[in-house]
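Enquirer: sequence and predicted model, in that order:
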There are 2 protein chains.
Amino acid sequence: MGTALQRTITQLRSEDREFFQIAISVDCVIFGFDKNELKVLLIKSDLEEFNNQWSLLGDLVRPDENLDTASYRVLKHRTGLDDVYLEQVYTFGEVSRHPAGRVISTAYYSLINIKDHQPMLTDNELHWHPVNEIANLAFDHKTILDTCLERLQSKIEEHPIVFNLLPEKFSLRELQNLYEAILGVKMDRRNFRKKFFLMNWLEDMNELEQDVPHRPGKLYRFNAARFSNGKKTQTPVPVL
Amino acid sequence: MGTALQRTITQLRSEDREFFQIAISVDCVIFGFDKNELKVLLIKSDLEEFNNQWSLLGDLVRPDENLDTASYRVLKHRTGLDDVYLEQVYTFGEVSRHPAGRVISTAYYSLINIKDHQPMLTDNELHWHPVNEIANLAFDHKTILDTCLERLQSKIEEHPIVFNLLPEKFSLRELQNLYEAILGVKMDRRNFRKKFFLMNWLEDMNELEQDVPHRPGKLYRFNAARFSNGKKTQTPVPVL
DNA sequence: TCAAAAGTGTTGTTTCTACACCCATGG
DNA sequence: CCATGGGTGTAGAAACAACACTTTTGA
């Protein structure tokens, strides 16, 4: 009862050529945070069918390239950044999702500090768009964006990843603005501070904000070493 | 600055043939629940490299077939069941994950009522294995299984999907055994009952268990209409 | 001195956890 | 009558939500 998948490579190549008609791509939802808005990096589609529409950054996966590697490559190519937070979310495989043929796409999102990336903005095909203002995109990219945003929203409830969107030093106000922008809710300032200090993720830099027209706030940085000291550490013990 | 992905189909086919060297497959982690154990349906691998090892059920995706459709096809083929709960989890794309060549695989898990499937067990290559007793599998299938189990564990914390693993009528004890098997924890009976009645997902059938050597428990069924009447209904209102 | 945001504690509510006794059935 | 699991309520702890005033800075 063997399937094509279970045969050896020689057999696969000779008998099952019909299966090698699907291309695979990665699409990256690159999030940034600026002016208290969550933004995403988009490019003008140069495909005729989607003239003047924006699309996510993506590329075909090479035959000798891991999926993750392909995303890192796209990211590096478009932002110049290495070593960024990247997470696979979902694979979109509708037969008709791409007008150029059968292309299955695996979606990733990444979080970058928008300031680090400024120089690449000279490429005038690339722009940061406020996530809230995006009504539609080329291909099924709006769906991909929505899916990645939902994943991001649930992820930050438990994991300290938003720091990737901020400069090394930040104030609690900036951190709260960021959470509010991602989750689309307003939060109570006092409860927010309490919660974060309890988590024990922050290290006080003993520095103050500069050039603010009001009382300056303290600056903190994320202390990864403290992560896992928070309250969510009691992993349930398997019963068997 | 166009990439291969952005060209038209004619161009893609002629210039980028190198990209059509990757096959895509789906692998299904089919969960069942029997004798108070969570089980998964496996097949003996008939690939030489993995002689005598068990593997998940999967197949190559056809060029004109949606990803989800391919999973349903595999499921139908192996269990005879239609209309089952199915959820995509993750796509495994390591270059070397399959000895027969470059095969990227999208993993799904599904939940079925093991009783509905009994007849197909005549196929002696197919067996239900207790999830806790699986040490390794062919390919990277152990990783896939682990990933799907983790997803299942987090999913059931919020969503009423475990009912797919039970017969239509079940006792609260069975339901609790199922949660305990999936999560690998022991729970307090009184608190468990309280929580479920609060959720309001259950409909009392006014029937009792039969043929039990002790006081019979009431039977319930999942009432989908009541879902969303539970407490988790207050969706946060976006601020913008 | 004014405007603007920083910083700080307490109280009530809800949720979660731990825990023990009587009941109904089959054997 | 015994063994087995069904069925039930309460009290303490922890987490969460709501809320107002004083402080510091720049203009």
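Expert: Ah, there it is.
Enquirer: residue A:72 touches residue A:81, doesn't it?
Expert: No. If you go by Cβ atoms under 8 Å, residue A:72 and residue A:81 don't touch, sitting 9.6 Å apart. C-beta coordinates here come from the backbone N, C-alpha and C atoms, glycine included.
Enquirer: so the two - more neighbours on which side?
Expert: residue A:72 (21 against 16; other Cβ atoms under 10 Å in any protein chain shown).
Enquirer: mind checking how far that one is from DNA strand C?
Expert: Distance of residue A:72 to DNA strand C, given as Cβ to the nearest atom of the strand, to the nearest Å: 35 Å.
Enquirer: hmm, stretch A:154-174 in reach of DNA strand C?
Expert: Yes. Using Cβ under 7 Å from any atom of the strand, stretch A:154-174 reaches DNA strand C at A:171-173.
Enquirer: count the residues that sit near residue A:205.
Expert: Neighbour count of residue A:205, defined by other Cβ under 10 Å: 13.
Enquirer: I misspoke; the intended subject was residue A:132.
Expert: When neighbours are counted by other Cβ under 10 Å, residue A:132 registers 13.
Enquirer: do the host helix or strand of residue A:221 and DNA strand D come into contact?
Expert: The secondary structure element spanning residue A:221 is strand A:218-222 (assigned by DSSP states H and E). No. On the criterion Cβ under 7 Å from any atom of the strand, strand A:218-222 is out of touch with DNA strand D, staying 10.8 Å away.
Enquirer: on the strand side of things, show who residue A:59 bridges to.
Expert: Beta-bridge partners for residue A:59, by DSSP bridges, are residue A:26.
Enquirer: ok, the closest residue to residue A:126 other than its chain neighbours to residue A:148 distance?
Expert: Among residues not flanking residue A:126 along the chain, residue A:43 sits closest, at 5.4 Å (Cβ to Cβ, 6 or more residues apart in numbering or on different chains). As judged by Cβ to Cβ, to the nearest Å, residue A:43 and residue A:148 stand 16 Å apart.
Enquirer: who's more crowded, these two?
Expert: Set residue A:43 next to residue A:148 and count neighbours by other Cβ under 10 Å: residue A:148 wins out with 26 against 20.
Enquirer: what helices or strands is the helix or strand containing the more buried one leaning on?
Expert: Assigned by DSSP H and E, residue A:148 belongs to helix A:141-156. With contacts taken as 3 or more Cβ pairs under 8 Å, 6 or more residues apart in numbering or on different chains; DSSP states H and E, helix A:141-156 sits against strand A:23-34, strand A:85-92, strand A:103-111, helix A:172-183.
Enquirer: just put those in TSV and tack on mean neighbour count and mean pLDDT.
Expert: What follows is these, written out as TSV (neighbours: other Cβ atoms under 10 Å in any protein chain shown; pLDDT from 0 to 100):
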stretch	mean neighbour count	mean pLDDT
strand A:23-34	24	97
strand A:85-92	20	98
strand A:103-111	25	98
helix A:172-183	18	98
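Enquirer: redo these as JSON lines? Include distance to residue B:106.
Expert: Formatted as JSON lines, these follow (distance: least, Cβ to Cβ, whole Å):
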{"stretch": "strand A:23-34", "distance to residue B:106": "10"}
{"stretch": "strand A:85-92", "distance to residue B:106": "5"}
{"stretch": "strand A:103-111", "distance to residue B:106": "8"}
{"stretch": "helix A:172-183", "distance to residue B:106": "27"}
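Enquirer: shaky segments in chain A?
Expert: Applying pLDDT under 70 to chain A flags residues A:1-20, A:118-124, A:225-240.
Enquirer: contacts only, for the nearest residue to residue A:62 once chain neighbours are set aside.
Expert: Sequence neighbours aside, residue A:70 is the residue nearest to residue A:62 in space, at 6.9 Å (criterion: Cβ to Cβ, 6+ apart). Residues in contact with residue A:70, defined by Cβ atoms under 8 Å, 6 or more residues apart in numbering or on different chains, are A:26, A:59, A:61-62.
Enquirer: which parts of chain A sit against DNA strand C?
Expert: Residues of chain A lying near DNA strand C by Cβ under 7 Å from any atom of the strand: A:171-173, A:189-191, A:193-194, A:213-218.
Enquirer: helix, strand, or coil at the residue of chain A found nearest DNA strand D?
Expert: Per Cβ to the nearest atom of the strand, residue A:215 is where chain A lies closest to DNA strand D, at 2.5 Å. What DSSP: H, G, I helix; E, B strand; the rest coil gives for residue A:215 is coil.
Enquirer: any idea how far it is from residue A:189?
Expert: Note on residue A:215: its distance to residue A:189, by Cβ to Cβ, is 14 Å.
Enquirer: more neighbours: which of the two?
Expert: Neighbours per residue (other Cβ under 10 Å) separate residue A:215 from residue A:189, with residue A:189 holding more: 11 against 7.
Enquirer: in contact with the residue lying closest to that one once chain neighbours are set aside: list those residues for me.
Expert: The shortest distance from residue A:189 to any non-neighbouring residue, by Cβ to Cβ, 6+ apart, is to residue A:176 (6.8 Å). Taking Cβ under 8 Å, 6+ apart, we find residue A:176 in contact with A:187, A:189, A:192.
Enquirer: redo that, cut-off 10 Å
Expert: By Cβ atoms under 10 Å, 6 or more residues apart in numbering or on different chains, residue A:176 lies in contact with A:186-189, A:192-193, A:196.
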